[in-house]
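Asker: Task: produce atomic coordinates for the following.
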Amino acid sequence: MFILSILSGLALFLFSITQISSLLKSCVTDSVKLKISKYADNPFLSLLAGTVLTGTIQSSSGTTAIIISLIRADIVTFKQSIGFIMGANLGTTVTAFITGIEIKGLAPLCLILGIVFYMVKKDSKLALGIFYFGLLFFGITLMESELVKILEFPQIQGLILLMSQHKLFSFIFGILLTTCIQSSSAFVALIQQLCFLNIINLPIALFMITGSNVGTTITAYIASLGGSKESKMAAMYHFLFNLIGAVVFIIFYIPIYNYILTFVVPIKMQLAIFHALFNLVSIIAIMPFNNMISKGIEKMFHYSSFS
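Answerer: As a prediction, the model looks like this:
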């Protein structure tokens with residue numbers, strides 16, 4: 001029965017994240033999209049716009065889909081989309097900070113407030129937003145109360161031992177699972193709970209989160225299917241950007257791990273800080289090479305059958 005409870009908690013989390021994202025994306029009208037496109041020529045402003053938009057709608061996949069829709073509508077070019085994509089990676093880390101806070105009592109409070117506000121003013125997006133946040137916190141609480149029981153399975157113990165001995169397996173597992181559930185936010189929240197309950201250790205968690213950053217790029221690829229060559233190039237850039245960041249992390253894992261240990265905060269917040277710093281450092285490190293990467297992608301599409 002506890003497996004059902006864990007899956008129910010994850011389902012509630014995914015559902016609430018999706019509903020919050022849909023609710024906020026409904027506020028992104030065509031006029032807002034046109035305003036977003038005005039930032040496109042300035043890489044720093046487009047990065048800021050991508051960060052703010054993703055932090056607001058709680059979905060890097062949602063932001064990427066919006067940007068690709070702008071490309072398909074010939075409002076934004078491939079090169080102009082790069083800043084937005086980098087910003088989306090940074091903005092998505094906000095969710096980890098939300099799920100990293102102490103949530104006892106927040107779930108029922110948000111659920112009750114959401115219902116009360118909805119009864120006072122029906123069709124209120126604020127009321128629905130509060131209610132969905134209540135469901136999100138309730139899903140996390142449900143997972144947290146049952147996750148520790150998975151250690152009763154020898155297969156799970158063997159999997160954790162394998163990931164401890166071969167950290168690259170944790171990285172690959174992070175890619176595959178995030179690709180399946182289509183939400184890096186949900187995956188990172190799950191890893192925070194597993195680490196908090198001492199089911200997995202910090203090194204495994206760091207590699208799995210890094211893998212999730214690569215796995216989440218599948219959404220951009222799906223959004224680009226049937227679209228223009230430029231939209232597919234944007235999806236390819238998203239994949240390469242996250243992959244390069246992941247490779248850098250793997251190479252410099254030991255000093256990064258030692259640095260994360262210096263943060264005297266709860267383990268959930270350590271992971272949230274790592275997630276944010278990982279994406280911020282990736283942006284700083286890769287931004288000077290954006291022209292070279294974009295030209296490489298353009299050549300790749302010119303001489304291949306990708307388009």
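Asker: distance of the closest residue in space to L243 that isn't next to it in sequence from A220?
Answerer: Distances taken as CB to CB, 6 or more residues apart in numbering put V214 closest to L243, at 5.6 Å, once the chain neighbours are dropped. Placement of C-beta: from N, CA and C, glycine included. Per CB to CB, to the nearest Å, V214 is found 12 Å from A220.
Asker: I260 now?
Answerer: Applying CB to CB to I260 and A220 gives a distance of 28 Å.
Asker: who has more neighbours, these two?
Answerer: Set I260 next to A220 and count neighbours by other CB atoms under 10 Å: A220 wins out with 26 against 18.
Asker: Name all residues that make contact with that one.
Answerer: Counting by CB atoms under 8 Å, 6 or more residues apart in numbering, A220 touches S61, T64, A65, I68, I85, A234, A235, H238, F239.
Asker: which residues are common contacts for V214 and A220?
Answerer: F239.
Asker: quick one on the thing from earlier: pretty sure the residue nearest to L243 sits against A246.
Answerer: Yes. In terms of CB atoms under 8 Å, V214 counts as a neighbour of A246; the distance is 5.4 Å.
Asker: Show me what whichever strand or helix holds F169 is packed against.
Answerer: Per DSSP states H and E, F169 falls inside helix 167-181. With contacts taken as 3 or more CB pairs under 8 Å, 6 or more residues apart in numbering; DSSP states H and E, helix 167-181 sits against helix 154-165, helix 184-196, helix 202-215, helix 229-251.
Asker: how about the CA coordinates for it, as CSV?
Answerer: The C-alpha trace of helix 167-181 is given here as CSV (Å, rounded to 0.1, in the frame of the first residue of the first chain):
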residue,chain,number,x,y,z
LYS,A,167,28.0,7.6,-9.6
LEU,A,168,27.6,7.9,-13.4
PHE,A,169,24.8,5.4,-13.0
SER,A,170,23.1,7.9,-10.8
PHE,A,171,23.6,10.5,-13.6
ILE,A,172,22.1,8.2,-16.2
PHE,A,173,19.2,7.3,-13.9
GLY,A,174,18.4,11.0,-13.4
ILE,A,175,18.3,11.5,-17.2
LEU,A,176,16.0,8.5,-17.8
LEU,A,177,13.5,9.2,-14.9
THR,A,178,13.2,12.9,-15.7
THR,A,179,12.6,12.0,-19.4
CYS,A,180,9.8,9.6,-18.3
ILE,A,181,8.0,12.0,-15.9
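Asker: What are the buried residues along it?
Answerer: K167, F169, S170, F171, I172, F173, G174, I175, L177, T178, T179, I181 (16 or more other CB atoms under 10 Å).
Asker: Next, work out how far apart the third one and T51 are.
Answerer: This points to S170. Taking CB to CB, one finds S170 at 27 Å from T51.
Asker: for the last one, same thing?
Answerer: Here the criterion is CB to CB. By it, I181 lies 23 Å from T51.
Asker: now, which of the contacts of A220 sits nearest S185?
Answerer: S61 (8.9 Å; CB to CB).
Asker: What confidence value was assigned to the closest one?
Answerer: On pLDDT, S61 comes in at 68.
Asker: Likewise for A246?
Answerer: For A246, pLDDT reads 91.
Asker: roughly how far apart are the residue nearest to it when sequence neighbours are not counted and I250?
Answerer: Of all residues beyond its chain neighbours, the one nearest A246 is T210 (4.9 Å), with distances taken as CB to CB, 6+ apart. Separation of T210 from I250 (CB to CB): 7 Å.
Asker: With L45 instead?
Answerer: From L45 to I250 the distance is 32 Å (CB to CB).
Asker: hang on, I209 packs against I273?
Answerer: No. Contact criterion CB under 8 Å: I209 and I273 do not qualify, at 11.3 Å.
Asker: Look at these two and report which has more neighbours.
Answerer: I209 (27 against 18).
Asker: ok, the more buried one - contacts?
Answerer: By CB under 8 Å, 6+ apart, I209 lies in contact with G174, F187, V188, I191, L271, F274, H275, F278.
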